[in-house]
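Undergrad: what follows is a predicted structure for the sequence shown.
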Amino acid sequence: MGIDLTGEVAVVTGASGRLGTLWVQVLSGAGAAVAALDLTGAEELAGSADSGLGRVLRLTADVTDRGSLRDALAETTEQLGSPTVLVNNAGVDQPPSTEQGSWLFEDLPDDLSAAVLAVNVLGVLKVCQVFGADMAARGRGSVINIGSLYGNVAPDPRMYAHLPLDPPFLKPPAYGASKAGVSALTRYLATLWGPRGVRVNTLSPGGVQGGQDSTFLEQYTARVPLGRMAQLTDLAGPLLFLASGLSSYVTGHELLVDGGFVSW
């Protein structure tokens, strides 16, 4: 029997991104009404999640702007009802690219690090202050903060050494720091809101396959006990588990969906 989220109202930030689109489709497909928030104009989000069973409301919102989030909460509540599930997905990352340039560690631009932290940590905090606090005031909810494998382990520079970049590609350190911060915030909020009926957990995917070059794929999968990168479908079940009553006694937890990467 599939998980039934009929009657639930879910909010997903960063809804137009690859993972954001997945979360919206999965939650909607399970019957939840979903408010899909993104910086992208609502009209540009059309068609991103129309195959689900639940209604999808597309809203323009900025996770770094608390006023924008309050407006989104008011519109969500008016159109769909009070939120009961929150997926904090909006985030900034820098995948390897020969077009974006590269830096030595000591030369990393301040604005790059600041942008990552502003969205990935402060953005999650602000969304929780608006939507999570609303759940706590009503005594019910599940908050799912999207973390990362790199909040637990450092990226291996050798996996990028084949790229024709000088200096070699360096994964921004602020990214891993931000995702570790998300896990810390999860634990903080789990203890703060547990007595008020709100569960808070982190879902941390490992590498998801999608356009990586063959050399990277070979090196990455050699580090994974299951021998492959994640597919989007691998993430659907863990999200539904945390969003539903199946995880009713789970809070303050980080669920790593990494194929066993950190087990070596």
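TA: Received, thanks.
Undergrad: give me the contacts around stretch 226-246.
TA: Stretch 226-246 has contacts (CB atoms under 8 Å, 6 or more residues apart in numbering) with 3, 5, 8, 10, 18-19, 22-23, 26-27, 30, 32, 85, 87, 142, 144, 199, 201, 203, 205-209, 212, 217, 220-221, 247, 250, 255, 257-260. All C-beta spots, glycine's among them, are computed from the backbone N, C-alpha and C.
Undergrad: narrow these to those in strands?
TA: Among the contacts of stretch 226-246, DSSP state E puts 10, 85, 87, 142, 144, 199, 201, 203, 205, 255, 257 in strands.
Undergrad: for those, give me a markdown table that also has neighbour count and distance to Leu189.
TA: Formatted as a markdown table, the ones in strands among the contacts of stretch 226-246 follow (neighbours: other CB atoms under 10 Å; distance: CB to CB, whole Å):
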| residue | neighbour count | distance to Leu189 |
| --- | --- | --- |
| Ala10 | 29 | 18 |
| Val85 | 25 | 15 |
| Val87 | 29 | 14 |
| Ser142 | 25 | 12 |
| Ile144 | 26 | 12 |
| Arg199 | 23 | 10 |
| Asn201 | 26 | 10 |
| Leu203 | 26 | 14 |
| Pro205 | 22 | 20 |
| Leu255 | 18 | 16 |
| Val257 | 17 | 21 |
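Undergrad: a markdown table for these, including distance to Asp111?
TA: Formatted as a markdown table, those follow (distance: CB to CB, whole Å):
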| residue | distance to Asp111 |
| --- | --- |
| Ala10 | 33 |
| Val85 | 33 |
| Val87 | 27 |
| Ser142 | 34 |
| Ile144 | 29 |
| Arg199 | 36 |
| Asn201 | 32 |
| Leu203 | 29 |
| Pro205 | 27 |
| Leu255 | 32 |
| Val257 | 31 |
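Undergrad: can you check my assumption that Pro225 lies in a strand?
TA: No - assessed with DSSP: H, G, I helix; E, B strand; the rest coil, Pro225 is coil; it does not lie in a strand.
Undergrad: need the contact list for the spatially closest residue to it that is not a sequence neighbour.
TA: Spatial nearest neighbour of Pro225, excluding adjacent residues (CB to CB, 6 or more residues apart in numbering): Gly260 at 3.5 Å. By CB under 8 Å, 6+ apart, Gly260 lies in contact with 224-226.
Undergrad: and if you look at Tyr175?
TA: Residues in contact with Tyr175 (CB under 8 Å, 6+ apart) are 92-94, 116, 120, 148, 150.
Undergrad: roughly how far out does the stretch of helix or strand it belongs to sit from the chain middle?
TA: Secondary structure from DSSP states H and E places Tyr175 in helix 173-193. Mean C-alpha position of helix 173-193 versus that of the full chain (CA atoms, centre = their mean, to the nearest Å) differs by 12 Å.
Undergrad: how about low-confidence regions in this structure?
TA: Filtered on pLDDT under 70, the chain yields the residue ranges 1, 41-52, 97-100.
Undergrad: rerun at 90
TA: Applying pLDDT under 90 to the chain flags the ranges 1-2, 40-54, 93-103, 165-166, 170-172, 211, 264.
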